[in-house]
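> Quick check, what structure comes out for this input:
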Amino acid sequence: MTTKYQQDGNVIEYTAGSAVSSGDVIAINDMVGVALADIAASATGSVRITGVFATIAKVAGTAWNQGDAVDWDASASAFGKGITTAAGDVTTAGIAFEAAASGDTTAVVMLTPGAGTGI
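Residues are numbered from 1 along each chain as shown. Predicted coordinates for the structure are as follows:
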């Protein structure tokens, strides 16, 4: 194997600006990830940037279908579809792994690293 290989790229080490709880979604420039454990402010911890996550916060008021691109809405700390973008948002941060109804407040999302655009 080449000596240039570093890792599979599913988990990155992230230095938290403020305390993060396990399971929190974290926007990191043009991508989002999910904290695998609590991370204290100014400490470094593991954040998974690939995979499918259940019971992730969803913006209520819009429905989505399986396979729809979804965005990270920083002000709502939730995924949404067709959000009005603002600072801290990440567009095309994930794909709806399952359909979600308008009134749902959580959803199943597959993260799409490298596909997002931070605002």
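> Just confirm residue 103 contacts residue 60, I think it does.
Yes - Residue 103 is in contact with residue 60 according to CB atoms under 8 Å; the separation is 6.0 Å. (Glycine included, C-beta is placed from N, CA and C.)
> Those two: which has the busier surroundings?
Just comparing residue 103 and residue 60: by other CB atoms under 10 Å the higher neighbour count belongs to residue 60, 15 against 9.
> ok, now which ones touch that one?
102, 103, 104, 105 (CB atoms under 8 Å, 6 or more residues apart in numbering).
> contacting residues for the second one?
So the one you mean is residue 103. By CB under 8 Å, 6+ apart, the neighbours of residue 103 are residue 60.
> Who does residue 78 form a beta bridge with?
Applying DSSP bridges to residue 78 gives these bridge partners: residue 73.
> how far away is it from residue 41?
22 Å (CB to CB, to the nearest Å).
> next one: residue 33
17 Å.
> surely residue 55 meets residue 105?
No - between residue 55 and residue 105 no contact is recorded; they are 9.4 Å apart, counting by CB under 8 Å.
> So which residue is dead centre in the protein?
Ranked by distance to the mean C-alpha position of the chain (CA atoms, centre = their mean), the top residue is residue 32 at 3.6 Å.
> Isn't that one up against residue 110?
No - under the criterion of CB under 8 Å, residue 32 makes no contact with residue 110, lying 11.4 Å away.
> Now list whatever residues contact both of these two.
Taking CB under 8 Å, 6+ apart as the contact criterion, the common neighbours of residue 32 and residue 110 are residue 94.
> For the protein, which residues score under the pLDDT cut-off?
Counting by pLDDT under 70, the chain contains low-confidence ranges at 1.
> show me where it has strands.
Counting by DSSP state E, the chain has strands at residues 11-15, 25-28, 31-35, 44-48, 51-57, 69-73, 78-80, 90-96, 106-111, 117-118.
> Just say which of the ones you listed is most tucked in.
Among those, strand 69-73 has the highest mean neighbour count (mean count of other CB atoms under 10 Å), at a mean of 25.
> Let me know the angle separating it from strand 31-35.
Put simply, strand 69-73 runs at 70 degrees to strand 31-35, going by axes from the mean of the first three to the mean of the last three CA atoms, to 10 degrees.
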